[in-house]
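Undergrad: give me coordinates for this.
(2 chains)
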Amino acid sequence: MLATSTIIEIQHSINKLEIGQGYFSSIISVQTAIFSLIVAVILTLYFFFNWKVSKEQIKNESDIRFNELKKQMEEELEIKTAKLEVKFAEEISRHENDITTLNGSVFRTLGEFWDSEKDHDVAFIWWLRAANKFSLSGEDKLTRISLQHAKDSVERVGYAYQLNSEWVGEYQKLILEISDEYKIEKELLDIAIKETLKRKAPTNS
Amino acid sequence: MITIGTNIFKKISQEHKGKIASLSSLFVGNTNEFEITDYEAKAMLENGIAKFFIGDFPLYKISQDIELWDSFVELLQNIFLFSKQDFIGVKQVQFFIMFNYISTPVNIFFSVKEQKDLMNLTIPLKEELKTQVFQNKNLENGKTVVLGYDNENGVWQFNYL
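TA: Sure, this is the predicted structure:
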């Protein structure tokens, strides 16, 4: 009887222990789960924060590098552009001079042609146009020669009356544009024109 | 004696010559002090250019009087129109006006292709004469004045030779 009651008590104790063990085990499990969740949240937040910081840092770093590179490239481009501008300006200027000289040569040919046709009033303006172009392109020798020929053509115009009225205004404009470096030639031309203006035409009637 | 010389003398009709003489006499008082004559400029004639030399008109007196100036412009217009009518194939009419102001020879050159051009250049011409010649204190003996109309830029150019 005593043994039976002892066994029953033991059995009760075992049952209590098992219940306590189960209860404790459940608490542990819940706590573990909560802890795991907290750790997971912390890790997630840490990762997210780090990720965000890293992204920001990368962006900032990239921006700085990009700006530096941009500035460097801009400076290089500016230097290259300036060099090219100088080079192009020289080239354009050289070509412009070539074209101006070419114009002068064409005008000179027309001066020669009209002189050969004995139309000295026409030849005169072409020589002067040639002189103007040669002076603009810095062709010193050709400018002097053309001014000399313009003078010769005017001297060959018979009378003031035969000077071409259409081109007197143009002659005055062109001669002003020719540098005073050719002052002597310009003065000689002025004298030739003045002498021609003094020559009055004989009448046919 | 005031003179008008032209390379198209033979082409201008008697009627038009009479009209030019009549208009010109306004500046001297009678037609006996005026002559219209034949001046040679063969190459210009062949190129369709009618050339007119207008010599010794009293431009100072003319420019001082509005009516006389208007008559002078009318004379130029008539010369232009008569050239167009009597010279078939005329491309342009060129004028060369020469007169002496005190003792300075004044030479004026311009060419006209259309009648409206004549008005455009005679209006500033009066002012140019006033400022560059009649009011010019630097006119010296032995010097020559040249006034040329620059067609390309539409301005009068002045030279003092």
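
Undergrad: what's around the residue nearest to residue A:98 when sequence neighbours are not counted, how many residues?
TA: The shortest distance from residue A:98 to any non-neighbouring residue, by CB to CB, 6 or more residues apart in numbering or on different chains, is to residue A:137 (7.8 Å). Any C-beta I mention is one placed from the backbone N, CA and C, and that applies to glycine too. Neighbouring residues of residue A:137 were enumerated by other CB atoms under 10 Å in any protein chain shown; the total is 19.

Undergrad: make sure residue A:137 is actually in contact with residue A:104.
TA: Yes: here residue A:137 lies in contact with residue A:104, judged by CB atoms under 8 Å, at a distance of 6.6 Å.

Undergrad: which bits of chain B sit near chain A?
TA: For chain B, the contact set with chain A under CB under 8 Å from any CB of the partner chain comprises B:5, B:9, B:37-41, B:43-44, B:51, B:53, B:92, B:94-96, B:98, B:105, B:107, B:109-111, B:144, B:146, B:148-153, B:155-159, B:161.

Undergrad: give the PyMOL command for selecting the buried subset of those residues.
TA: Selection of the buried residues among these in PyMOL, burial being defined by 16 or more other CB atoms under 10 Å in any protein chain shown:
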select buried, chain B and resi 5+9+37+38+39+40+41+43+44+51+53+92+94+95+96+98+105+107+109+110+111+144+146+148+149+150+151+155+156+157+158+159+161
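
Undergrad: sitting in helices, which of the residues of chain B next to chain A do you find?
TA: Secondary structure assignment by DSSP state H places B:43, B:44 of these in helices.

Undergrad: tell me how far residue B:84 lies from chain A.
TA: Applying CB to the nearest CB, to the nearest Å, the value for residue B:84 to chain A is 17 Å.

Undergrad: what strand or helix carries that residue?
TA: Secondary structure assignment for residue B:84, by DSSP states H and E: helix B:66-86.

Undergrad: buried residues in that helix?
TA: Counting neighbours by 16+ other CB under 10 Å, one finds that the buried residues in helix B:66-86 are B:68-69, B:71-73, B:75-77, B:79-80, B:82-83, B:86.

Undergrad: of these, closest to residue A:189?
TA: Ranking these by separation from residue A:189, with CB to CB as the measure, puts residue B:76 on top at 29.3 Å.

Undergrad: my read is that that closest one contacts residue B:94, right?
TA: No: distance between residue B:76 and residue B:94: 11.7 Å, which falls outside the contact criterion (CB under 8 Å).

Undergrad: now do the nearest residue to residue B:23 once chain neighbours are set aside against residue B:82, distance only.
TA: Closest residue to residue B:23 in three dimensions, ignoring its sequence neighbours and counting by CB to CB, 6+ apart: residue B:75, at 4.5 Å. Taking CB to CB, to the nearest Å as the measure, residue B:75 and residue B:82 are separated by 10 Å.

Undergrad: quick check: residues of chain A near chain B?
TA: Taking CB under 8 Å from any CB as the contact definition, chain A meets chain B at A:118-119, A:121-122, A:160-166, A:168-173, A:175-176, A:190-191, A:193-194, A:197-198, A:201, A:203-205.

Undergrad: any of those buried? List them.
TA: For the residues of chain A next to chain B, a neighbour count by 16+ other CB under 10 Å gives the buried set as A:119, A:121-122, A:160-166, A:168-173, A:175, A:190, A:193-194, A:197, A:201.

Undergrad: in helices, which of the residues of chain A next to chain B fall?
TA: Secondary-structure check on the residues of chain A next to chain B using DSSP H: residues within helices are A:121-122, A:165-166, A:168-173, A:175-176, A:190-191, A:193-194, A:197-198.

Undergrad: nearest to the spatial middle of the chain, which residue is it?
TA: Defaulting to chain A. Centrality entry for chain A: nearest residue to the mean C-alpha point is residue A:81, 6.4 Å, by CA atoms, centre = their mean.

Undergrad: ah, no, chain B please
TA: Nearest to the mean C-alpha position of chain B, by CA atoms, centre = their mean, lies residue B:97 at 4.1 Å.

Undergrad: who's in contact with it?
TA: The contact partners of residue B:97, by CB atoms under 8 Å, 6 or more residues apart in numbering or on different chains, come to B:53, B:54, B:55, B:57, B:59, B:107, B:108.

Undergrad: looking at the buried residues of helix B:66-86, which is nearest residue B:127?
TA: Closest approach to residue B:127 among those (CB to CB): residue B:69, at 11.4 Å.

Undergrad: I'd say residue B:1 and residue B:36 touch.
TA: No: look at residue B:1 against residue B:36 with CB under 8 Å: they stay out of range, at 11.2 Å.

Undergrad: between the two, which one's more packed in?
TA: A count of neighbours by other CB under 10 Å puts residue B:36 above the other of residue B:1 and residue B:36, at 19 against 9.

Undergrad: let's test this: mean pLDDT of stretch B:111-119, rounded?
TA: Across stretch B:111-119, pLDDT averages out at 91.

Undergrad: so how far is it off the chain centroid?
TA: 12 Å (CA atoms, centre = their mean, to the nearest Å).

Undergrad: pLDDT-wise, which helix or strand of chain A ranks last?
TA: When each helix and strand of chain A is scored by mean pLDDT, DSSP states H and E, helix A:2-116 comes last, with a mean of 87.
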